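**Student:** Build me a model:
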Amino acid sequence: MSVTSIRLEPIENAPVYYVNYVEIGNSPQDFSLLCARLPAKLTPAKIEEVKKERALIVEPDVQVVIPTALVPGLIRALTAQKESYEEMYGVEIKEVKIKDDVGSTA
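**Tutor:** Next up is the predicted model:
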């Protein structure tokens with residue numbers, strides 16, 4: 001038997017993570033996406049921590065590790081979905097620039 005395609009069927013009890021910040025790293029074997037939900041409002045204690053550390057430190061909610069062989073297809077799929085979204089809704093998705101801990105823009 002040869003498989004010609006793979007299709008994922010969504011299930012109701014699959015975990016869902018809303019993330020609004022992603023850091024990406026790599027090794028010779030894979031790419032890692034560390035994903036987090038940044039808070040809309042910081043607590044007074046967190047504000048003090050940010051002032052002291054000069055950075056917002058947040059633990060990732062999930063880490064997704066992708067083999068290098070899947071990266072080109074993932075980039076193509078994300079690009080196609082972005083273009084489809086922009087065409088469907090008439091909205092251009094623009095990149096958000098965030099300064100990292102050494103002052104460069106990520």
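**Student:** Over to the residue nearest the centre of the chain. Which of the three states is it?
**Tutor:** With distances taken as C-alpha atoms, centre = their mean, residue 22 lies nearest the centre of the chain, 3.6 Å away. The three-state assignment at residue 22 reads strand, by DSSP: H, G, I helix; E, B strand; the rest coil.
**Student:** now residue 85
**Tutor:** Put simply, residue 85 is helix when judged by three-state DSSP.
**Student:** tell me which element the closest residue to it other than its chain neighbours is part of?
**Tutor:** Closest residue in space to residue 85, ignoring its immediate chain neighbours: residue 93 at 6.8 Å, by C-beta to C-beta, 6 or more residues apart in numbering. In this view, the C-beta of every residue, glycine as well, is placed from N, C-alpha and C. When elements are assigned from DSSP states H and E, residue 93 belongs to no helix and no strand.
**Student:** May I have the residues that are in contact with residue 93?
**Tutor:** 82, 85, 86 (C-beta atoms under 8 Å, 6 or more residues apart in numbering).
**Student:** And the pLDDT at the first one?
**Tutor:** Reported pLDDT at residue 82 in the predicted model: 97.
**Student:** give the contact list for it.
**Tutor:** Contact analysis of residue 82 by C-beta under 8 Å, 6+ apart lists residue 93.
**Student:** how about a cut-off of 10 Å?
**Tutor:** By C-beta atoms under 10 Å, 6 or more residues apart in numbering, residue 82 lies in contact with 92, 93.
**Student:** if I look at it, how far off is residue 7?
**Tutor:** Residue 82 sits 22 Å away from residue 7, going by C-beta to C-beta, to the nearest Å.
**Student:** Also the second one?
**Tutor:** Counting by C-beta to C-beta, the gap from residue 85 to residue 7 is 21 Å.
**Student:** Of the two, which one has the most company?
**Tutor:** Higher neighbour count among residue 85 and residue 7: residue 85, with 13 against 4, using other C-beta atoms under 10 Å.
**Student:** quick one, strands of the chain?
**Tutor:** Secondary structure of the chain by DSSP state E: the strands cover 21-26, 30-36, 62-67.
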